[in-house]
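*Asks:* Model the following, please.
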Amino acid sequence: MQKLLILTAISLLFIFSSSCKEDKDENLPNLPVIELDTIAPELQLLGPNPYNIVLNEKYIEHAYSVSDNFCDSTGLMFNTSNLPDVAAVAFWYTDEWTEDSIYLEANATIEAGEFEVIYTAIDTSGNTSSVSRTVIVENEASYLAQNYSVKKECLTDTSLIYDDYSSELTIDNNINGRLWIPRFLNLEFYSLNVYVNIQNDSIFLPKQVFNPQNGYQIKGIENSDNGFAGMFNQASQSFTLTLTASNVAYSNDYKLTFTKQN
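*Replies:* Next up, the predicted model:
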């Protein structure tokens, strides 16, 4: 009798389970199959990589092409980051230190350096992909930014003898063709940081006044606004500047010979 009850219970459980499964299958709606998008957009750079450009020249955005397995370009989000600094509009740029002004066109680069421009695309499923381009903005005078041994001669009084000294020249990060010379003339009481402008191999030393140093003045010896002062010798990796230095007490002409140190 006990065995019969157990068998009866098992049979009822099986029948009930089968009935539930059938009811569940009959009541399921015909849902559409949703295909998940897990594939990121594909980006392809257009134009050069790396992209080399001269400081103060216009930056041209070469951009990229994009394709996606689900979306066209109107369904994608884009972002570009770490672009080089450029002029938003054409304007006269005035150097805060020298007060010199140069005219820059819109999109002209205004800072030298290496920039890793990153392009990113995101589709509607949130899949993201990125590519990068190296942009190198270079001051054309950078080949002169080295350490030099300097020989100083007084052209006004040749009896004056000076010890040679060293000076490490640096480029200007905002104005193309500009180079800075520290310890200029290696003066005993003043430390002058003087700039020169390079055009091809010609070196120009415009008039510069140092008011905190008792009105000390430096300019190229040639009587012109741009102050032509010398030429760079590619063969010997050297250059000579001829200049006039003066203050309220005196005025002397000098020749400085810069020779690259190994």
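*Asks:* any idea where the helices of this structure begin and end?
*Replies:* With DSSP state H, the ranges of helices along the chain come out as 2-27.
*Asks:* which residues touch the closest residue to Thr128 other than its chain neighbours?
*Replies:* Once flanking residues are discounted, Thr128 sits nearest to Ile122: 4.9 Å by CB to CB, 6 or more residues apart in numbering. The C-beta positions use only the backbone N, C-alpha and C, and glycine is treated the same way. Ile122 is in contact with 41, 76-79, 128, counting by CB atoms under 8 Å, 6 or more residues apart in numbering.
*Asks:* hmm, try it at 7 Å
*Replies:* 76-77, 128 (CB atoms under 7 Å, 6 or more residues apart in numbering).
*Asks:* which among those residues end up buried?
*Replies:* Leu76 (16 or more other CB atoms under 10 Å).
*Asks:* now the contacts of Ile122 in TSV, with distance to Gly230 and pLDDT?
*Replies:* Output for the contacts of Ile122, formatted as TSV (distance: CB to CB, whole Å; pLDDT from 0 to 100):
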residue	distance to Gly230	pLDDT
Leu76	56	85
Met77	55	89
Thr128	55	92
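*Asks:* Keep only those of the contacts of Ile122 that are in strands.
*Replies:* 77, 128 (DSSP state E).
*Asks:* Which of the contacts of Ile122 sits closest to Asn107?
*Replies:* Distances from Asn107 to those, taken as CB to CB, are shortest for Met77 (24.2 Å).
*Asks:* what's across from the closest one in the sheet?
*Replies:* Ile122 (DSSP bridges).
*Asks:* How much space separates it from Ile136?
*Replies:* 29 Å (CB to CB, to the nearest Å).
*Asks:* How about Ser246?
*Replies:* 41 Å.
*Asks:* ditto for Lys219
*Replies:* 34 Å.
*Asks:* who has more neighbours, these two?
*Replies:* The residue with more neighbours, out of Lys219 and Ile136, is Lys219; 22 against 13, by other CB atoms under 10 Å.
*Asks:* The residue lying closest to that one once chain neighbours are set aside - how many residues pack around it?
*Replies:* In space, and not counting its chain neighbours, Lys219 is closest to Lys207: 3.9 Å by CB to CB, 6+ apart. Neighbour count of Lys207, defined by other CB under 10 Å: 12.
*Asks:* dump the residue contacts of Lys207.
*Replies:* Each residue near Lys207 by CB under 7 Å, 6+ apart is listed here: 217, 219, 227.
*Asks:* For those, could you give me TSV that also reports pLDDT and distance to Lys255?
*Replies:* Formatted as TSV, the contacts of Lys207 follow (pLDDT from 0 to 100; distance: CB to CB, whole Å):
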residue	pLDDT	distance to Lys255
Gln217	92	17
Lys219	92	14
Gly227	81	15
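*Asks:* measure the residue nearest to Thr128 to Glu35 for me?
*Replies:* Separation of Ile122 from Glu35 (CB to CB): 19 Å.
*Asks:* Outline the domain layout of this protein.
*Replies:* Split into domains by automatic domain parsing, the chain comes to 42-138, 142-260.
*Asks:* Could I get those domains in a markdown table, plus columns for distance to Asn30?
*Replies:* Output for the domains of the chain, formatted as a markdown table (distance: least, CB to CB, whole Å):
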| stretch | distance to Asn30 |
| --- | --- |
| domain 42-138 | 24 |
| domain 142-260 | 67 |
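*Asks:* If anything else comes up later, I'll come back, but that's it for now.
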